[in-house]
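> mind folding the following:
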Amino acid sequence: MPGQGTRPVALVTGAAGGLGGAIAAALARRGFDLVLNDLAEGAALQAAGAAARDAGAEVRFQLQDIAAVEALPAFVEAAASPFGRLDCLINNAGVSVLSRGDVLDVAPESFDRCMSVNLRGQFFLAQAVARHMLAAPAGRKSIITVTSVAVDEVIGKVLAEYSIAKAGLSHMIKHFAVRLAPCGIDCYELRPGMMKTGMTASSREKYDGLIAAGFVPAGRWGELDEIGETAANLAAGALRYAVGQVIHVDGGMRLKVF
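From the prediction side, this is the model:
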């Protein structure tokens with residue numbers, strides 16, 4: 001294993017997606033080197049890596065399906081190996097529902113897929129990273145988990161299994177936060193609102209209408225960089241006393257306006 005360098009290192013899962021790529025670029029601008037993860041080393045992951053390198057980061061790719069939880073301890077060790085350290089996990093990988101529809105029509109395959117990736121996989125990845133961090137030299141570290149505004153402020157009528165998995169993930173973060181805070185590992189929940197990503201592409205017209213009707217007080221879609229900069233601030237230690245807190249980046253969408 002290489003000797004431990006001076007620059008902090010972050011592992012970003014789901015880095016080929018819009019949010020993951022934006023977070024990676026923002027971390028690079030804050031002086032982090034990066035390990036970028038996704039299922040395959042396609043064009044989107046390569047583009048995320050190139051943007052991070054342009055911002056000054058050294059970048060490695062580490063492919064892994066986080067739903068394969070038995071492989072996650074080895075995955076974490078492999079991710080940390082190139083730099084000799086791991087200071088931050090951005091727990092971002094996730095999947096949407098197989099078919100948007102009525103809660104009465106949710107198929108077991110879609111439910112199990114959401115639970116496997118969006119909850120079970122993220123739990124055991126956070127566990128593996130936490131164990132690695134606890135065995136590493138002292139220093140401030142962080143685990144930042146991306147959930148959704150659809151956890152409890154609003155209900156996605158056609159996203160039941162997705163929202164249920166994310167709600168469990170939100171509760172998970174609190175458990176890791178109270179366990180790890182005394183050890184110098186900060187845990188946060190980052191809760192985006194309406195963002196133009198692959199997951200929202202099929203509902204873009206619907207969401208445009210909701211925004212126009214005032215459903216989002218800010219009156220617009222969120223910018224991916226707004227999520228990226230928030231994650232980078234958290235990773236850099238800007239809110240160290242905000243143990244286990246939810247950071248809302250949703251344009252006020254959770255607020256009930258009358």
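> now the residue nearest to the spatial centre of the chain: how far from G139?
Centroid-nearest residue in the chain: N92, 2.2 Å away (criterion: C-alpha atoms, centre = their mean). Separation of N92 from G139 (C-beta to C-beta, to the nearest Å): 22 Å. Yep, even glycine has a C-beta here, placed from its N, CA and C like the rest.
> surely R140 is in contact with L239?
No: taking contacts as C-beta atoms under 8 Å, R140 lies outside contact range of L239: 11.9 Å.
> what is in contact with the two at once?
D186 (C-beta atoms under 8 Å, 6 or more residues apart in numbering).
> related to what we said a few turns ago, so who does the residue nearest to the centre of the chain touch?
Counting by C-beta under 8 Å, 6+ apart, N92 makes contact with V12, T13, G14, A15, G17, L19, G20, I23, T145, V146.
> next one: phi and psi at it?
Taking degrees, to the nearest 10, you get phi -120, psi -20 for the backbone angles of N92.
> what about V243, how many residues nearby?
15 (other C-beta atoms under 10 Å).
> can you tell me the closest non-neighbouring residue to it?
Spatially, and ignoring its direct neighbours in sequence, V243 is nearest to A181 (4.8 Å; C-beta to C-beta, 6 or more residues apart in numbering).
> residues touching that neighbour, list them.
Per C-beta under 8 Å, 6+ apart, neighbours of A181: C187, V243, G244.
> how close does the closest residue to the last one other than its chain neighbours sit to Y241?
Of all residues not flanking G244 in the chain, A177 sits nearest, at 2.9 Å (C-beta to C-beta, 6+ apart). Counting by C-beta to C-beta, the gap from A177 to Y241 is 12 Å.
> neighbour-wise, which of the two wins?
Neighbours around A177 and Y241, counted as other C-beta under 10 Å, are more numerous at A177. The numbers are 19 against 7.
> CA-only coordinates of the host helix or strand of the more buried one in PDB, if you can.
Applying DSSP states H and E as the criterion places A177 in helix 160-180. The C-alpha coordinates for helix 160-180 follow below in PDB (Å, rounded to 0.1, in the frame of the first residue of the first chain):
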ATOM      1  CA  ALA A 160     -43.400   4.400  -3.000                       C
ATOM      2  CA  GLU A 161     -40.600   1.800  -2.900                       C
ATOM      3  CA  TYR A 162     -37.900   4.400  -3.600                       C
ATOM      4  CA  SER A 163     -39.200   6.800  -0.900                       C
ATOM      5  CA  ILE A 164     -39.600   4.000   1.700                       C
ATOM      6  CA  ALA A 165     -36.000   2.900   1.100                       C
ATOM      7  CA  LYS A 166     -34.700   6.400   1.400                       C
ATOM      8  CA  ALA A 167     -36.700   6.900   4.600                       C
ATOM      9  CA  GLY A 168     -34.900   3.900   6.100                       C
ATOM     10  CA  LEU A 169     -31.600   5.400   4.900                       C
ATOM     11  CA  SER A 170     -32.400   8.600   6.700                       C
ATOM     12  CA  HIS A 171     -32.900   6.700  10.000                       C
ATOM     13  CA  MET A 172     -29.700   4.700   9.400                       C
ATOM     14  CA  ILE A 173     -27.600   7.900   9.300                       C
ATOM     15  CA  LYS A 174     -28.600   8.800  12.800                       C
ATOM     16  CA  HIS A 175     -27.400   5.500  14.100                       C
ATOM     17  CA  PHE A 176     -24.000   5.900  12.500                       C
ATOM     18  CA  ALA A 177     -23.800   9.500  13.600                       C
ATOM     19  CA  VAL A 178     -24.200   8.800  17.300                       C
ATOM     20  CA  ARG A 179     -21.800   5.800  17.100                       C
ATOM     21  CA  LEU A 180     -19.100   7.600  15.200                       C
END
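> for that helix, buried residues please.
Counting neighbours by 16 or more other C-beta atoms under 10 Å, one finds that the buried residues in helix 160-180 are 160-170, 172-173, 176-177, 180.
> and that helix, what does it pack against?
helix 108-115, helix 122-135, strand 141-146, strand 185-192 (3 or more C-beta pairs under 8 Å, 6 or more residues apart in numbering; DSSP states H and E).
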